[in-house]
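Trainee: Let's see this in three dimensions:
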Amino acid sequence: MLIAVFWATHFIIMWLRAHIDDLSGGPDLVEGTVRRVSFALFGLFVSYVLYRCLRSLRRREFARQAMIGAALALAAACVQAVLNAFMFGDVEHTLVEDFVYFALYWFWFYFSWTTAYLALSYSITVQEQERQAAELVVKAQEAQVRALRYQINPHFLFNTLNAIAALVRDAPARAEEMVVRLSDFFRRSLAVNPMEDLTLSQEVELQRLYLEIERTRFPDRLRFDVALDDGSAEARVPALLLQPLVENAVKHGVAKCEGPTCIRIRARLDGPVLEIVVENDAKASGVGSKGEKVGLRNVYDRLRSRFGDEAGLTTEELAEGGFRNILRIPLRR
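Mentor: Residues are numbered from 1 along each chain as shown. Now for the predicted structure:
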């Protein structure tokens with residue numbers, strides 16, 4: 001395209017310059033047009049050869065490309081100047097004089113084309129490198145999210161299997177019920193692509209399944225409540241984002257508290273931000289009531305990997321007892 005633009009522009013300018021005063025359309029105009037078309041076609045061929053030579057250098061340093069490009073432009077100019085001197089030479093000048101004049105003229109033509117080509121080629125190369133770098137960043141983030149999710153799933157499975165093992169001897173019926181619910185939970189959760197998002201209502205439904213499993217262990221102590229404000233249910237969140245927080249609430253709240261404990265999941269829209277709160281009112285005491293840092297760190301790392309500084313996780317102990325986790329992520333639908 002660059003070759004076509006340069007030669008089309010040059011042909012039009014030269015044709016108008018040579019025949020601006022000859023509007024009769026006589027033999028001289030026709031003959032001159034044919035000669036200039038032939039000359040331009042030859043120039044197109046020379047330019048294409050120059051292009052192929054420059055293209056073979058695209059993996060070299062830009063400075064080396066520029067030096068070789070200037071030398072090739074001079075060679076192309078000499079070839080073009082020889083033909084120009086024979087076809088359009090001035091009878092008042094010698095052939096050498098015409099060659100020198102045309103060589104200088106065509107050197108600037110081919111040098112300008114070479115400069116434009118190298119600049120365009122360099123710009124395309126930089127854009128391609130930036131695109132590849134962006135793809136590598138995305139792939140690295142995807143790999144990190146997968147690794148974090150793989151840390152969460154075995155953690156949850158280990159705790160659940162421990163609970164089933166504890167019920168097998170004392171309450172086999174409840175153990176069987178727990179196995180059925182566990183299979184249902186994994187059937188749904190493993191069908192979720194970890195790199196895709198769920199609506200908050202779908203994410204909460206997965207947590208309901210998990211809490212139903214745990215309620216088999218603590219039928220008289222575990223309660224849960226969900227309150228999603230208008231509009232928040234359809235907001236999209238990373239899959240299984242809330243799992244570690246809910247699991248911590250069970251393991252370090254319900255399991256360590258003698259009385260009833262309620263786990264609450266609340267969500268609301270705060271302008272362009274979705275705020276999700278996972279809390280429990282367990283009266284458990286000690287460091288264990290805060291939950292394990294592994295689960296909290298996983299949630300924090302997933303948020304940072306996905307949203308950067310736009311998302312955050314804060315935790316706090318409640319004065320009346322219990323623990324609260326607050327997630328704030330960009331609102332997406």
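Trainee: Flag the shaky bits of the stretch 51-200 of the chain, pLDDT-wise.
Mentor: The stretch 51-200 of the chain contains residues with pLDDT under 70 at 89-94, 136-156, 159, 193-195.
Trainee: just the strands in the protein please.
Mentor: Using DSSP state E, the strands of the chain run over residues 197-199, 222-228, 236-238, 261-270, 273-280, 312-317, 323-330.
Trainee: chain center to the longest one, what's the gap?
Mentor: Between the mean C-alpha point of strand 261-270 and the mean C-alpha point of its chain there is a distance of 32 Å (CA atoms, centre = their mean, to the nearest Å).
Trainee: rewinding a little: is it possible to export the strands of the chain to TSV including distance to residue 10 and mean neighbour count?
Mentor: C-beta coordinates here come from the backbone N, C-alpha and C atoms, glycine included. Formatted as TSV, the strands of the chain follow (distance: least, CB to CB, whole Å; neighbours: other CB atoms under 10 Å):
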stretch	distance to residue 10	mean neighbour count
strand 197-199	55	17
strand 222-228	68	16
strand 236-238	56	21
strand 261-270	62	19
strand 273-280	59	21
strand 312-317	61	14
strand 323-330	53	19
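Trainee: where are the low-confidence patches of the stretch 201-333 of the chain?
Mentor: Using pLDDT under 70, the stretch 201-333 of the chain drops low at 284-293.
Trainee: Surely residue 328 touches residue 312?
Mentor: Yes. At 5.2 Å, residue 328 counts as touching residue 312 under the criterion of CB atoms under 8 Å.
Trainee: hmm, back to that, as a markdown table, the strands of the chain with distance to residue 84 would be great.
Mentor: Shown next, in a markdown table, are these (distance: least, CB to CB, whole Å):
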| stretch | distance to residue 84 |
| --- | --- |
| strand 197-199 | 65 |
| strand 222-228 | 79 |
| strand 236-238 | 66 |
| strand 261-270 | 72 |
| strand 273-280 | 69 |
| strand 312-317 | 70 |
| strand 323-330 | 63 |
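Trainee: Alpha carbons only: can I get stretch 316-333 in CSV?
Mentor: Output in CSV follows, covering the C-alpha atoms of stretch 316-333 (Å, rounded to 0.1, in the frame of the first residue of the first chain):
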residue,chain,number,x,y,z
GLU,A,316,-12.8,-6.8,61.8
GLU,A,317,-13.9,-8.4,65.0
LEU,A,318,-17.4,-7.4,66.2
ALA,A,319,-17.7,-5.9,69.7
GLU,A,320,-20.6,-8.2,70.5
GLY,A,321,-18.7,-11.3,69.3
GLY,A,322,-18.1,-12.7,65.9
PHE,A,323,-16.1,-11.7,62.8
ARG,A,324,-16.8,-9.6,59.7
ASN,A,325,-15.3,-9.7,56.2
ILE,A,326,-16.0,-6.8,53.8
LEU,A,327,-15.3,-7.2,50.1
ARG,A,328,-15.5,-4.2,47.7
ILE,A,329,-15.1,-4.9,44.0
PRO,A,330,-16.0,-3.0,40.8
LEU,A,331,-19.6,-3.4,39.8
ARG,A,332,-19.9,-5.5,36.7
ARG,A,333,-23.0,-7.0,35.1
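Trainee: Report the distance from it to the chain centre.
Mentor: Between the centre of stretch 316-333 and the centre of its chain there are 29 Å (CA atoms, centre = their mean).
Trainee: What is the neighbour count of the nearest residue to residue 84 once chain neighbours are set aside?
Mentor: Nearest residue to residue 84, sequence neighbours excluded (CB to CB, 6 or more residues apart in numbering): residue 102, at 4.2 Å. Close neighbours of residue 102, defined as other CB atoms under 10 Å, add up to 20.
Trainee: do the one 5 residues further on as well
Mentor: Residue 107 sits with 19 neighbouring residues when counted by other CB under 10 Å.
Trainee: Touching, residue 181 and residue 211? I think so.
Mentor: No. Counting by CB under 8 Å, residue 181 stays clear of residue 211, with 9.9 Å between them.
Trainee: Between the two, which is the more surrounded one?
Mentor: residue 211 (22 against 19).
Trainee: quick one: the residue lying closest to that one once chain neighbours are set aside from residue 78, how far?
Mentor: Excluding its sequence neighbours, the residue lying closest to residue 211 (CB to CB, 6+ apart) is residue 224, at 4.9 Å. The gap separating residue 224 from residue 78 is 85 Å, by CB to CB, to the nearest Å.
Trainee: wait, doesn't residue 245 sit right on residue 325?
Mentor: Yes. With contacts counted by CB under 8 Å, residue 245 reaches residue 325, the gap being 4.9 Å.
Trainee: Overlap of the contact sets of those two?
Mentor: Shared contacts of residue 245 and residue 325, defined by CB atoms under 8 Å, 6 or more residues apart in numbering, are found at 278, 296, 299.
Trainee: Redo the residues you listed as a markdown table? Include distance to residue 250.
Mentor: Formatted as a markdown table, those follow (distance: CB to CB, whole Å):
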| residue | distance to residue 250 |
| --- | --- |
| 278 | 11 |
| 296 | 14 |
| 299 | 15 |
